[in-house]
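Asks: no sequence on this one, just coordinates:
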């Protein structure tokens, strides 16, 4: 956070253009990505490749079923973007097909399964939102996705030993998840009140990781939260007339400090609980927070329109952030920009394919996977 813009720009370009020493880092972590034959992913809209639209009731999240969602990809797929997500670029880099959603019919799961659901929370909704007017539109929390994962493995492989063998050649992603726990709560509570949720959210994520590791997983990646104070949705809804409420990058200080507290607790739990308990496994923290700040800081150098780095490509709000929660992307009156590849934010909440690609390079090829457990070949 304290680093200069020049340092961030330099670090991003180095991470994107140079992929040296990855093999050494991966070997030190006891992992070699060339051995990965499948990916299993749990999470929310950052990773969902079509689960929500398979089960959402009529009218619920209808917009992502139609263009302009998927416009860069060529057609809507249920992804909350104009095109591909980080999980798609990771699969490509590992030489694997895109992950099919678990709820898809007649889909191949030979190379992994995507259990992530847009809108999902880490904690079970009944534990957190009982009696509240505003509640999550998806009940498929991390525990539900974990149950799907276990059910799938047990129904696909004959014995626990077969499951362990499969997981030995797999990569498991647990998250990003937890962001929605906070997003929903922030609709009616102060940031200081929502901070009380952090221990429970982190505990849920760590407990899920333990169950996956107990099943035999030996490569697990757990991403942290984004700097939510940089997102058009919060920059609009929490707009302040006080200049001191914003940092040098134009993001809301209080919300970014909140996200950093979640991440700090998650990183400590990974270091203090998971790695000592499972020394034979490679457990990495994916730093979405600092990689996203680096992307914003070097937006111009990376091919984005620096003046639109905090502005949604698709929306109807106009103004500085082009975000209006009453007329979000896909709704009547909203429109997509002509060049999504120039924007970081797609709809004010989610990122564009171009931004997800840059994030994937920063995290999985660069300095923001701690430790670097993947040895990926450089990509164009």
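Replies: Perfect, thanks for sending it. The shown structure was predicted, so the numbers you read here are calculated from the model rather than taken from an experiment.
Asks: do a quick rundown of the helices in the stretch 151-300 of the chain.
Replies: Along the stretch 151-300 of the chain, the stretches classed as helices by DSSP state H, counting those that start in this stretch are 160-168, 179-185, 191-194, 198-214, 232-237, 253-269, 275-277, 288-297.
Asks: what's the angle between the fourth one and helix 253-269?
Replies: Between the axes of helix 198-214 and helix 253-269, defined by axes from the mean of the first three to the mean of the last three CA atoms, to 10 degrees, the angle is 40 degrees.
Asks: which other helices and strands does helix 198-214 contact?
Replies: Applying 3 or more CB pairs under 8 Å, 6 or more residues apart in numbering; DSSP states H and E, we find helix 198-214 packed against helix 142-156, strand 170-174, strand 219-223, helix 253-269. Glycine gets a C-beta too; all of them are placed from N, C-alpha and C.
Asks: neighbours around residue 314, how many?
Replies: Neighbour count for residue 314, taken as other CB atoms under 10 Å: 28.
Asks: re earlier: got JSON lines for the helices of the stretch 151-300 of the chain, with mean pLDDT and mean neighbour count too?
Replies: As requested, these are exported to JSON lines (pLDDT from 0 to 100; neighbours: other CB atoms under 10 Å):
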{"stretch": "helix 160-168", "mean pLDDT": "98", "mean neighbour count": "15"}
{"stretch": "helix 179-185", "mean pLDDT": "94", "mean neighbour count": "24"}
{"stretch": "helix 191-194", "mean pLDDT": "96", "mean neighbour count": "14"}
{"stretch": "helix 198-214", "mean pLDDT": "98", "mean neighbour count": "19"}
{"stretch": "helix 232-237", "mean pLDDT": "96", "mean neighbour count": "21"}
{"stretch": "helix 253-269", "mean pLDDT": "98", "mean neighbour count": "18"}
{"stretch": "helix 275-277", "mean pLDDT": "98", "mean neighbour count": "11"}
{"stretch": "helix 288-297", "mean pLDDT": "98", "mean neighbour count": "24"}
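Asks: ok, residue 229 touching residue 250?
Replies: No: assessed by CB atoms under 8 Å, residue 229 is found out of contact with residue 250, at 9.4 Å.
Asks: which neighbours do these two share?
Replies: Here residue 229 and residue 250 share the contacting residues residue 235, scored by CB atoms under 8 Å, 6 or more residues apart in numbering.
Asks: the more surrounded of the two?
Replies: Shown here are residue 229 and residue 250; by other CB under 10 Å, residue 229 has more neighbours (24 against 13).
Asks: apart from its chain neighbours, what residue comes closest to residue 259?
Replies: Spatial nearest neighbour of residue 259, chain neighbours left out: residue 225 (4.6 Å); criterion: CB to CB, 6 or more residues apart in numbering.
Asks: what sits against that neighbour?
Replies: Going by CB under 8 Å, 6+ apart, the list of residues near residue 225 reads 176, 178-179, 182, 259, 262-263, 288-289.
Asks: how close does it get to residue 199?
Replies: According to CB to CB, to the nearest Å, residue 225 stands 14 Å off from residue 199.
Asks: and for residue 188?
Replies: Between residue 188 and residue 199 the computed distance is 20 Å (CB to CB).
Asks: could you report the pLDDT at residue 187?
Replies: Turning to residue 187, the model gives it a pLDDT of 85.
Asks: burial count for it?
Replies: The tally of other residues near residue 187 (other CB under 10 Å) stands at 11.
Asks: residue 307 now?
Replies: 10.
Asks: equivalent analysis for residue 318, please.
Replies: Residue 318 has 10 neighbours, counted by other CB under 10 Å.
Asks: element containing it, please.
Replies: Using DSSP states H and E, residue 318 maps to neither a helix nor a strand.
Asks: give me the mean pLDDT for stretch 103-116.
Replies: For stretch 103-116, the per-residue pLDDT values average out at 94.
Asks: what's the distance between residue 155 and residue 145?
Replies: Taking CB to CB as the measure, residue 155 falls 16 Å from residue 145.
Asks: check residue 90 too.
Replies: Residue 90 is 18 Å from residue 145, by CB to CB.
Asks: mind listing the strands for the chain?
Replies: Using DSSP state E, the strands of the chain run over 38-42, 112-114, 170-174, 219-223, 282-286, 369-370.
Asks: so where is this protein shaky, pLDDT-wise?
Replies: Scanning the chain with the threshold set as pLDDT under 70 gives 1-34, 57-60, 127-138, 377-380.
Asks: let's see that with 80 instead.
Replies: 1-34, 56-61, 125-139, 317, 377-380 (pLDDT under 80).
Asks: who has more neighbours out of residue 155 and residue 145?
Replies: Between residue 155 and residue 145, counted using other CB under 10 Å, the more crowded position is residue 145 (26 against 7).
Asks: quick one: that one and residue 115 touch, right?
Replies: Yes: under the criterion of CB under 8 Å, residue 145 makes contact with residue 115 at 4.2 Å.
Asks: list the residues that contact both of those two?
Replies: Common contacts of residue 145 and residue 115 (CB under 8 Å, 6+ apart): 42-43.
Asks: find the nearest non-adjacent residue to residue 62, please.
Replies: Of all residues not flanking residue 62 in the chain, residue 330 sits nearest, at 7.6 Å (CB to CB, 6+ apart).
Asks: where's the one you found relative to residue 103, distance?
Replies: To residue 103, residue 330 is 21 Å away according to CB to CB.
Asks: got it, and residue 342?
Replies: Going from residue 342 to residue 103 by CB to CB gives 33 Å.
Asks: cool, thanks, talk later.
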